[in-house]
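*Asks:* My questions are about this predicted structure, shown below with the sequence.
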Amino acid sequence: MFDGLSSRLSSVFDKLTRRGALSEADVSEAMREIRIALLEADVALPVVKDFVAKVKERAIGQDVIKSVTPGQMVVKIVHDALVEMLGGDDQESALNLAVVPPAPILMVGLQGSGKTTTSGKIARLLTTRDRKKVLLASLDVYRPAAQHQLAVLGQQLGVDSLPIIAGQMPVDIARRAMDEGRKGGYDVVILDTAGRLHIDQELMAEVAAVRDVVTPSETLLVTDAMIGQDAVTLAREFNEKIGITGIVLTRIDGDARGGAALSMRAVTGRPIKLLGVGEKLDALESFHPDRIAGRILGMGDVVSLVEKAAQHIQQEDAEKMAAKMLEGRFDLEDMLSQFQQIKRMGDIKGLLGMMPGIAKMKKQISEANIDDKVIGRQEAIILSMTKKERQNPDLIKASRKRRIAAGAGVDVAAVNKLLKQHQQMADVMKQMKKMGGKKGLLGGLG
Ligand code: GDP
């Protein structure tokens, strides 16, 4: 997700940061391009207008033009405005559970949006991470297999599901689920409602009736990130009729343009709480506005990357890596250890999206068709360097390049390419440091 937006924005910023001084016309031109980039990513027009107006006002207010690094100031202003648009702080993306259990979580949305899968994912998260006792209940009495589907999911996860009573209607199932929740000492009851292909008043009325019976702790609107411009109508409608407390975006692993994510929060004022990133039941991520803004701006998502890495490498190494990255230091040894970790972690494409500066290299990457083999070759190049060279890439001039190329069994062009790639990554790290990335980015690393 966000690929198109990300590469367009990074080319706007490239132009800006390359210049020493900016005229008012440069800033206006950049704003125009940002506006187009957002519209093309399917962000709703009123949201785009607000956003651009806010950025423009701040850019002018903060004397960007007179500042020493005007381009970077614009990037920072856009970054901060994006974070605001996506929901400000991390706190509000946490799930709220009732003080007196069981806490009902009501899942609503269109058919096929990923409600049932997400119900399972949330059940898994709450049972494994938070050690909660969870009961799953399907209120979908219209699709013949729906209740059964949820029961099977529950079995896979080792999570209880409410026994099915044929012919019972949604409101009664909800009551029974809550009763069972109380009697069985459950912490959370997840109620998966029926969806239709389009917004349907009858269905809305039914969900509203269920809501009145259970008084949910959370009412989560599940939406496919691919939905595009319809996202705004959908979110507004569900929010007005049912009153949602949060949004779950699914299929962000696909190539959605991402605009839905950006507008839904702005239009409803409700936070995006979770992201579905795949079909598997562990493919669920918490939503962190600052990390997503970083991904959109091609600055990468260092914190998520480090967290992922932390699952596979020693905590100590992960912290060292994060600290170094955020200090803006990044030599070829760091690059090598990143390659090695990536190989260990698998899913190279997903991880690459989190690496700083990657938007700029998107084309190169797709041309190179990055996979384990390519990473292996790059690793070989770095391994053919001396320790000194790795720590100080400036040493690597023509004759050293020839030696390294011969050692790795590649041509000099490949060595140049790798050095350039390293330079780009190092530049982004420096840029993040200047932006005060440490505070913003390490915020979520608890
Ligand atoms: P429901 O009708 O809203 O309950 O939708 P389902 O939960 O049955 O999901 C519909 C399809 O979308 C299934 O094939 C799921 O595996 C798939 N799906 C759900 N969430 C995601 C996700 O985050 N990523 C991907 N790639 N597929 C998903």
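*Replies:* That came in fine, so what should we check first?

*Asks:* alpha carbons only for contacts and neighbour counts from here, please
*Replies:* Noted.

*Asks:* Could you list the contact residues of the chain toward the ligand?
*Replies:* Residues of the chain lying close to the ligand by Cα under 6 Å from any ligand atom are 111-117, 250-251, 253, 276-279.

*Asks:* okay, those residues in CSV with distance to residue 8 next?
*Replies:* Rendered in CSV, the data for the residues of the chain next to the ligand read as follows (distance: Cα to Cα, whole Å):
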residue, distance to residue 8
111, 33
112, 31
113, 28
114, 29
115, 32
116, 35
117, 33
250, 24
251, 22
253, 20
276, 25
277, 23
278, 25
279, 29
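
*Asks:* now those residues in JSON lines, with secondary structure and pLDDT?
*Replies:* Listed next are these as JSON lines, based on DSSP: H, G, I helix; E, B strand; the rest coil; pLDDT from 0 to 100:
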{"residue": "111", "secondary structure": "coil", "pLDDT": "90"}
{"residue": "112", "secondary structure": "coil", "pLDDT": "90"}
{"residue": "113", "secondary structure": "coil", "pLDDT": "93"}
{"residue": "114", "secondary structure": "coil", "pLDDT": "94"}
{"residue": "115", "secondary structure": "helix", "pLDDT": "95"}
{"residue": "116", "secondary structure": "helix", "pLDDT": "95"}
{"residue": "117", "secondary structure": "helix", "pLDDT": "96"}
{"residue": "250", "secondary structure": "strand", "pLDDT": "93"}
{"residue": "251", "secondary structure": "coil", "pLDDT": "90"}
{"residue": "253", "secondary structure": "coil", "pLDDT": "81"}
{"residue": "276", "secondary structure": "strand", "pLDDT": "93"}
{"residue": "277", "secondary structure": "coil", "pLDDT": "89"}
{"residue": "278", "secondary structure": "coil", "pLDDT": "90"}
{"residue": "279", "secondary structure": "coil", "pLDDT": "92"}
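
*Asks:* out of these, which are buried?
*Replies:* 111, 113, 114, 115, 116, 117, 250, 251, 276, 277 (16 or more other Cα atoms under 10 Å).

*Asks:* now for the residues you listed, which pair is the farthest apart?
*Replies:* 111 and 277 (18.2 Å; Cα to Cα).

*Asks:* Okay, strands next: where are they in the stretch 101-250 of the chain?
*Replies:* For the stretch 101-250 of the chain, strands defined by DSSP state E, counting those that start in this stretch occupy the ranges 103-108, 134-138, 160-161, 188-192, 218-224, 246-250.

*Asks:* Dump those into a markdown table; add distance to residue 199 as well.
*Replies:* Below are the strands of the stretch 101-250 of the chain laid out as a markdown table (distance: least, Cα to Cα, whole Å):
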| stretch | distance to residue 199 |
| --- | --- |
| strand 103-108 | 11 |
| strand 134-138 | 19 |
| strand 160-161 | 27 |
| strand 188-192 | 17 |
| strand 218-224 | 12 |
| strand 246-250 | 16 |
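
*Asks:* Can you list the low-confidence ranges for the stretch 251-400 of the chain?
*Replies:* 255-256, 298-319, 321, 341-372 (pLDDT under 70).

*Asks:* how about 80 then?
*Replies:* Residues of the stretch 251-400 of the chain that meet the criterion pLDDT under 80 lie in 254-262, 291-292, 294-329, 337-375.

*Asks:* do the same with the stretch 1-150 of the chain
*Replies:* For the stretch 1-150 of the chain, applying pLDDT under 80 flags the ranges 1-4, 6-7, 10, 13-14, 16-24, 59-76, 87-93, 98-99, 144.
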